[in-house]
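1. sequence first, then the predicted structure, then my questions.
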Amino acid sequence: MNSHMFTGIIEEMGEIEKIERGSQSAVLHIRCKEVLKGTKIGDSIAVNGVCLTVTTMGADFFSADVMAETISRSSLGGLRNGSRVNLERAMAADGRFGGHIVSGHIDGTGTIQKIFRDETAVWYTISAEPSVLRYIVEKGSITIDGISLTVARVTEQDFSVSIIPHTQANTTLADRKTGDLVNLETDIIGKYVEKLLQPKDSVSSESKITMEFLAENGFS
């Protein structure tokens, strides 16, 4: 069985060679090199943070099917021929680890509100729906178009990340402008904690895990 976990460390930028759009789905043809190494048909590759399955491949490209729903609720709908995309192969069970645990299933999209460069970093402020923002915490992890980043600041409307120029230059963030949509996947740990804090059923509400329990077990 294929692993479907990613790290959010981008392996290379590919380029959209062709998009075949159907009524219910589309086929993306992506020109690339690095992520083809060791890849077989049926393997998973995250494209701008969305886990897709390789359906065909050649010496310098692979193709993947995308469902209409995925296109409509992600930034993949804005791709054109020549668009650059962030690529990462699914992590092998004994493989590399660097960023954080990323599933390749996005929680929604955000809109870039502001891009600001200071002496050492580039700052991106991104607005998002409350349903996504609730899982975003300062100093926590966020995946933006498949890139694992650390959250610098959160408000009720938006959040900000600060990246080094190298990260900007080597990912599609270099192509992003104010008003662009980006794919967002929040940190899975927040979802686990929320699930644990919920009662198992309406009867046994005492099964709720308390904040004291979490503190005692190192989640302070």
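-> Structure received. Residues are numbered from 1 along each chain as shown.

2. can you give me the helices in this structure?
-> 68-72, 130-133, 165-169, 188-197, 211-216 (DSSP state H).

3. any chance of JSON lines for the ones you listed, columns distance to Trp123 and mean pLDDT?
-> Glycine gets a C-beta too; all of them are placed from N, C-alpha and C. Below are those laid out as JSON lines (distance: least, Cβ to Cβ, whole Å; pLDDT from 0 to 100):
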{"stretch": "helix 68-72", "distance to Trp123": "29", "mean pLDDT": "89"}
{"stretch": "helix 130-133", "distance to Trp123": "18", "mean pLDDT": "94"}
{"stretch": "helix 165-169", "distance to Trp123": "11", "mean pLDDT": "92"}
{"stretch": "helix 188-197", "distance to Trp123": "23", "mean pLDDT": "81"}
{"stretch": "helix 211-216", "distance to Trp123": "32", "mean pLDDT": "62"}
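
4. could I get these as CSV with mean neighbour count and distance to Gly49?
-> Output for these, formatted as CSV (neighbours: other Cβ atoms under 10 Å; distance: least, Cβ to Cβ, whole Å):
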stretch, mean neighbour count, distance to Gly49
helix 68-72, 14, 11
helix 130-133, 15, 13
helix 165-169, 14, 15
helix 188-197, 13, 13
helix 211-216, 11, 28
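
5. export these to CSV and tack on distance to Met5?
-> What follows is the helices of the chain, written out as CSV (distance: least, Cβ to Cβ, whole Å):
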stretch, distance to Met5
helix 68-72, 19
helix 130-133, 21
helix 165-169, 21
helix 188-197, 10
helix 211-216, 24
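
6. can you tell which of these is closest to Ile30?
-> helix 68-72 (14.8 Å; Cβ to Cβ).

7. now do that closest one: which elements does it pack against?
-> Counting contacts by 3 or more Cβ pairs under 8 Å, 6 or more residues apart in numbering; DSSP states H and E, helix 68-72 packs against strand 25-31.

8. show me what counts as buried in the strand it packs on.
-> Of the residues in strand 25-31, 26, 28-30 count as buried by neighbour count, 16 or more other Cβ atoms under 10 Å.
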